[in-house]
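In: Predicted model and sequence follow; I will ask about them next.
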Amino acid sequence: MKATKQETVPIATSSDVVMARQKVRQWAIEMKFTLVDQTKLVTAASELARNALEHGKGGHMMIEQVENSIKTGLKLVFEDRGPGISDVDAALRDGFTTGGGMGLGLGGSKRLVNDFQIESEPGKGTRVTVVRWK
Amino acid sequence: MSKLPEMINKHHEEIRVDWVKQMSTAVRRADLISNEEVESQSRELMDAIAMGARSGDVTNLDGPAWGQARDTLSAISASRAKQGFTTSETATFVLSLKQPIFNAVRRENASDPAALFDDIWKSTQMVDKLALITADAFQVTREKFIARQQEELMELSTPVVKLWDGILALPIIGTLDSARTQVVMESLLQAVVQTNSRVAIIDITGVPTVDTLVAQHLLKTITAARLMGADCIISGVRPQIAQTIVHLGIDLAGVITKAKLSDAFALALQRTGQVVTKVNGDNSGNKKTLLRREE
Amino acid sequence: MERIPILRMGQFLLVTIQVDMHDRLAVQLQDDLTEKISECSSRGVLIDISTLEIVDSFIGRMLANIAAMARVLDAETVVVGMQPAVAITLVELGMSLTGVRTALNVETGMELLYELRGDFHSEMGG
């Protein structure tokens, strides 16, 4: 993927989560995503930013416009230096329930984006990378 | 030092005139594109090439000086793709630039065979690269075009119909995959908002099989409608479908299902507090049927 | 700290959520609503989310919690005006909000509340 421009936003308070949503919204609008796609991106960002804050004890989000040979997309990377996730598979698994802890955030966000990657090790923090293509 | 960039810049209009004049009828395709357009495309392209040449480098076309040329080629590709040109026809349009450039190069280097060979090689490389950029851009346009057509086709095949006040019908023809479900959900929810509907009848007569995946997609659609305050009824459930649903243990989560659309409509009327009544007719003895809201 | 205003309409409460809420504001709303339902002996709550462009799992849980807590206090909750893009996203996220009643807009939402809990001799005139 050929990267173009990018921006980094800190996630340290719950207001930062709101800021993260608004930034992603701005970028998505500029890149002319459809309303549904914008909503999916912003919602995924909200989930992942909140995870980074609550579970990861704070971190940051990087936004970047990316391109491959045939399309453009928006890439978001959420990084924290928190306790990490010991069982990633379990964290990604969730059912269609009305509530739940972190599980819903990760598994749910996966369905809102096209590419989803998570790297996490206990004690070493977590990095979640997602891309939504136009 | 090669004088090629300078030469191209200085003589770009002559090269262009030569190019257009020499263009064979096969490349010109007067049936797809007017002469004026060919003139204007050639002018835009040659001006952009001249701009790139002014940077002094005609072998590396990735830099900012050649940005205009790249953009122009994208635009030409896109418009020709829409007009029905093939990839090779569009690339040939660019490749046919070689001849007029070679002519100009030969004029400039008449006395220096080494420089002549060098410039011919460089200009070949340049035009080849331009042609490749064109072919790539052409491909991107075609793919976007096909994707858009597919979307339109999907939208057309899932119309949402207003049956009566507050009641929508959504006949689904063909199978329900995840891409189609997105389109269906969007159409249905838009219609719910626009028509203020409280009941949506999803008719699956035209859906060949209902397996767990299709059922999941249906349930997603129904849940989305519910979140906006509209209840769904599934109609057109054929006996075989009923059997499959039971055999697969599919849980339709309390959604009411009917075999016939008419039964679903009757239920929908009830749910929205409306009633169909037969009324005694006019003097001609015809009975009229009147739909009125229940007081 | 800013709070989301809760309006009283006879036996019902009306809340309009217009801002992009941060988590604390959402929790505050939950608390304020349960208090007010209890204080006014309200029979129903109408939550208008027609200008809310995002409902993530936190907000979704908040709505579900409000509905559940209200029910314990013998009040019905109706959420109205969810935007299509939001509904589609919520479903994809995996939330169905089964315990929450919904309606298309404030008008139909009020009709529903009256149907469910309306006292036809109330001061709203029925």
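Out: Looks like it arrived, so ask away. For clarity, every value in this text was computed on a predicted model and none was experimentally measured. Numbers count the residues shown, from 1 in each chain, chains lettered A, B, ... in the order given.

In: how deep is residue 28 tucked in, by neighbour count?
Out: If you meant another chain, say so; for now it's chain A. 23 (other Cβ atoms under 10 Å in any protein chain shown). In short, each C-beta sits where N, CA and C put it, glycine included.

In: Switch to chain C, please.
Out: 15.

In: nearest residue to it other than its sequence neighbours?
Out: Closest residue in space to residue C:28, ignoring its immediate chain neighbours: residue C:3 at 5.8 Å, by Cβ to Cβ, 6 or more residues apart in numbering or on different chains.

In: ok, residue B:82 - how many residues close by?
Out: Neighbours of residue B:82 using other Cβ under 10 Å come to 11.

In: Regarding it, what is its secondary structure?
Out: Three-state assignment for residue B:82 (DSSP: H, G, I helix; E, B strand; the rest coil): helix.

In: From what I see, it and residue B:144 are in contact.
Out: No: counting by Cβ atoms under 8 Å, residue B:144 is not a contact partner of residue B:82; they are 10.6 Å apart.

In: Longest helix of the chain, counting residues only.
Out: Let's take chain A. helix A:35-54 (DSSP state H).

In: Actually, chain B is the one I wanted.
Out: Longest helix in chain B by number of residues, with DSSP H as the criterion: helix B:113-156.

In: Low-confidence bits of the chain, can you list those?
Out: The chain I'm using is chain A. By pLDDT under 70, the weakly predicted segments of chain A are A:1-4, A:69, A:94-104.

In: hmm, I had chain B in mind actually
Out: For chain B, residues meeting the criterion pLDDT under 70 lie at B:1-2, B:281-295.

In: now with 80?
Out: B:1-2, B:25-27, B:151, B:154-157, B:253, B:280-295 (pLDDT under 80).

In: contacts for stretch C:13-30?
Out: By Cβ atoms under 8 Å, 6 or more residues apart in numbering or on different chains, the residues outside stretch C:13-30 that reach it are A:14-15, A:17-18, A:21-22, A:50, C:1-8, C:33, C:36-37, C:40, C:42, C:44-49, C:51-54, C:58-59, C:62, C:65-66, C:69, C:106.

In: ah, wrong one, I meant stretch A:112-123
Out: Here stretch A:112-123 makes contact (Cβ under 8 Å, 6+ apart) with A:40-41, A:43-44, A:73, A:83-86, A:88, A:92, A:106, A:109-110, A:126-133, C:89, C:92-93.

In: Check the gap between the residue in chain A that chain B sits nearest to and residue B:151 for me.
Out: Nearest to chain B in chain A, going by Cβ to the nearest Cβ, is residue A:70, at a distance of 5.8 Å. According to Cβ to Cβ, to the nearest Å, residue A:70 stands 16 Å off from residue B:151.

In: so residue A:43 makes contact with residue C:56?
Out: Yes: taking contacts as Cβ under 8 Å, residue A:43 lies within contact range of residue C:56: 5.0 Å.

In: Tell me the residues that contact both of the two, please.
Out: Here residue A:43 and residue C:56 share the contacting residues residue C:93, scored by Cβ under 8 Å, 6+ apart.

In: Can you name every helix or strand that the helix or strand containing residue B:169 contacts?
Out: Using DSSP states H and E, residue B:169 sits in strand B:167-173. Packing partners of strand B:167-173 (3 or more Cβ pairs under 8 Å, 6 or more residues apart in numbering or on different chains; DSSP states H and E): strand B:161-164, helix B:178-195, strand B:199-206, helix B:261-271.

In: mind running it again at 10 Å?
Out: strand B:161-164, helix B:178-195, strand B:199-206, helix B:212-227, strand B:231-235, helix B:261-271 (3 or more Cβ pairs under 10 Å, 6 or more residues apart in numbering or on different chains; DSSP states H and E).

In: Dump these to JSON lines, plus distance to residue B:277 and mean neighbour count.
Out: Shown next, in JSON lines, are these (distance: least, Cβ to Cβ, whole Å; neighbours: other Cβ atoms under 10 Å in any protein chain shown):
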{"stretch": "strand B:161-164", "distance to residue B:277": "14", "mean neighbour count": "15"}
{"stretch": "helix B:178-195", "distance to residue B:277": "23", "mean neighbour count": "19"}
{"stretch": "strand B:199-206", "distance to residue B:277": "20", "mean neighbour count": "21"}
{"stretch": "helix B:212-227", "distance to residue B:277": "29", "mean neighbour count": "21"}
{"stretch": "strand B:231-235", "distance to residue B:277": "22", "mean neighbour count": "23"}
{"stretch": "helix B:261-271", "distance to residue B:277": "11", "mean neighbour count": "18"}
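
In: any idea how far the residue nearest the centre of chain B is from residue B:142?
Out: Computing the C-alpha centroid of chain B and ranking residues by Cα atoms, centre = their mean puts residue B:148 first, at 1.4 Å. Using Cβ to Cβ, residue B:148 is found at 11 Å from residue B:142.

In: before we move on, what about residue A:89?
Out: Going from residue A:89 to residue B:142 by Cβ to Cβ gives 40 Å.

In: Among those two, which residue is more densely surrounded?
Out: Neighbours per residue, other Cβ under 10 Å: of residue A:89 and residue B:142, the larger number sits with residue B:142, 16 against 7.

In: how close does that one sit to residue B:82?
Out: 10 Å.

In: Next: residue A:32.
Out: Applying Cβ to Cβ, the value for residue A:32 to residue B:82 is 20 Å.

In: Equivalent analysis for residue B:261, please.
Out: Note on residue B:261: its distance to residue B:82, by Cβ to Cβ, is 41 Å.

In: Now do the same contact list for residue B:239.
Out: By Cβ atoms under 10 Å, 6 or more residues apart in numbering or on different chains, residue B:239 lies in contact with residue B:259.

In: ok, now the one 10 residues further on?
Out: If you count contacts by Cβ under 10 Å, 6+ apart, residue B:249 has them with residue B:212.

In: helix or strand for it, which one?
Out: Under DSSP H and E, no helix or strand contains residue B:249.

In: Got phi/psi on it?
Out: With angles defined as degrees, to the nearest 10, residue B:249 sits at phi 70, psi 30.

In: ok, now residue A:78?
Out: Main-chain dihedrals, residue A:78, degrees, to the nearest 10: phi -110, psi 120.

In: Double-check that residue B:69 belongs to a helix.
Out: Yes: judged by three-state DSSP, residue B:69 forms part of a helix.

In: Please, where are all the helices along the chain?
Out: No chain specified, so I'll use chain A. Assigned by DSSP H, chain A shows helices spanning A:14-30, A:35-54, A:88-92, A:102-112.

In: could you do chain C instead?
Out: With DSSP H, the ranges of helices along chain C come out as C:23-40, C:57-72, C:84-93, C:106-117.

In: Make TSV from the ones you listed and add mean pLDDT to it.
Out: Output for those, formatted as TSV (pLDDT from 0 to 100):
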stretch	mean pLDDT
helix C:23-40	94
helix C:57-72	94
helix C:84-93	94
helix C:106-117	92
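
In: what's the most buried one of these?
Out: Comparing the helices of chain C by mean neighbour count (mean count of other Cβ atoms under 10 Å in any protein chain shown), helix C:84-93 comes out on top with a mean of 25.

In: Distance from that one to the middle of the chain?
Out: How far helix C:84-93 lies from its chain's middle: 18 Å, per Cα atoms, centre = their mean, to the nearest Å.

In: Output the contacting helices and strands for that helix.
Out: Using 3+ Cβ pairs under 10 Å, 6+ apart, the elements in contact with helix C:84-93 are helix A:35-54, helix A:102-112, helix B:178-195, helix B:212-227, helix C:57-72.
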